[in-house]
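Asks: Next come a sequence and a model predicted from it.
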Amino acid sequence: EPEVTQTPSHQVTQMGQEVILRCVPISNHLYFYWYRQILGQKVEFLVSFYNNEISEKSEIFDDQFSVERPDGSNFTLKIRSTKLEDSAMYFCASSATYGYTFGSGTRLTVV
Amino acid sequence: KQEVTQIPAALSVPEGENLVLNCSFTDSAIYNLQWFRQDPGKGLTSLLLIQSSQREQTSGRLNASLDKSSGRSTLYIAASQPGDSATYLCAVRGDSGAGSYQLTFGKGTKLSVIP
């Protein structure tokens, strides 16, 4: 069964540093998403991406966040200057028409 | 703004029991509803997807129902097994306009099946 692949599985970074989280969505999917889950809290929507542009973003997705599809297979989330409160599990997802397929996540720890 | 609530927050049952997990949502204008399973520290595995025009979906021992007008869904697990122990998440996708691309999640029900 096709999978969404995320790398790295775990990243530790110093506060103020930039991080890039990487995702390879399912190849024939056209919609891509990033979600995050702070420990013990709900999974929260960050951003959706279609046809090489952002289609929706949440209040969380402020100017420190950006997304990019640099080539035909990768989808990245960049956090420009990490804060302690950015520590969370970040999930990438993709969809064709209906249901979502999620990746296994990147656990980001900001110290 | 859509809100999704899952009850109970945690549930412990002996192996072999049938059980029901509940999900409610405040805005009935949904496109679909999806149930996921999350193991500790892991990703989200899709279990069942119900389109807004459907009443239920079945996969193996799992059956999900949807009552869109009342804003409710249930996930029924038959003959529970220890391997079913996980957190079960309900998520709804908006119908149109703002929010139509995103999923809104509940906080989940943590299920423990005791051997």
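Replies: Received it, and whenever you're ready, just let me know what you need. Numbering: from 1, shown residues only, chains lettered A, B, ... in the order given.
Asks: Helices along chain A, start to end?
Replies: For chain A, helices defined by DSSP state H do not occur.
Asks: Nearest the middle, which residue of it would you pick?
Replies: residue A:34 (3.5 Å; C-alpha atoms, centre = their mean).
Asks: Okay, and the beta partners of that one?
Replies: With DSSP bridges applied, residue A:34 shows beta-bridge pairing to residue A:47, residue A:92.
Asks: Surely residue A:27 is in contact with residue A:2?
Replies: Yes - if you go by C-beta atoms under 8 Å, residue A:27 and residue A:2 touch, sitting 7.2 Å apart. To be clear about C-beta, it is placed using only N, CA and C from the backbone, and glycine gets the same treatment.
Asks: For chain B, see how far away the residue nearest to the centre of chain A is.
Replies: According to C-beta to the nearest C-beta, to the nearest Å, residue A:34 stands 11 Å off from chain B.
Asks: do residue A:61 as well
Replies: Distance from residue A:61 to chain B, by C-beta to the nearest C-beta: 11 Å.
Asks: Spit out the contact partners of that residue.
Replies: With contacts defined as C-beta atoms under 8 Å, 6 or more residues apart in numbering or on different chains, residue A:61 is in contact with A:46, A:47.
Asks: do the same with residue A:66
Replies: Going by C-beta under 8 Å, 6+ apart, residue A:66 touches A:77, A:78, A:80.
Asks: Determine the number of other residues adjacent to the second one.
Replies: Yep, that's residue A:78 we're talking about. 13 (other C-beta atoms under 10 Å in any protein chain shown).
Asks: just the first one next, same as before
Replies: If you count neighbours by other C-beta under 10 Å, residue A:77 ends up with 24.
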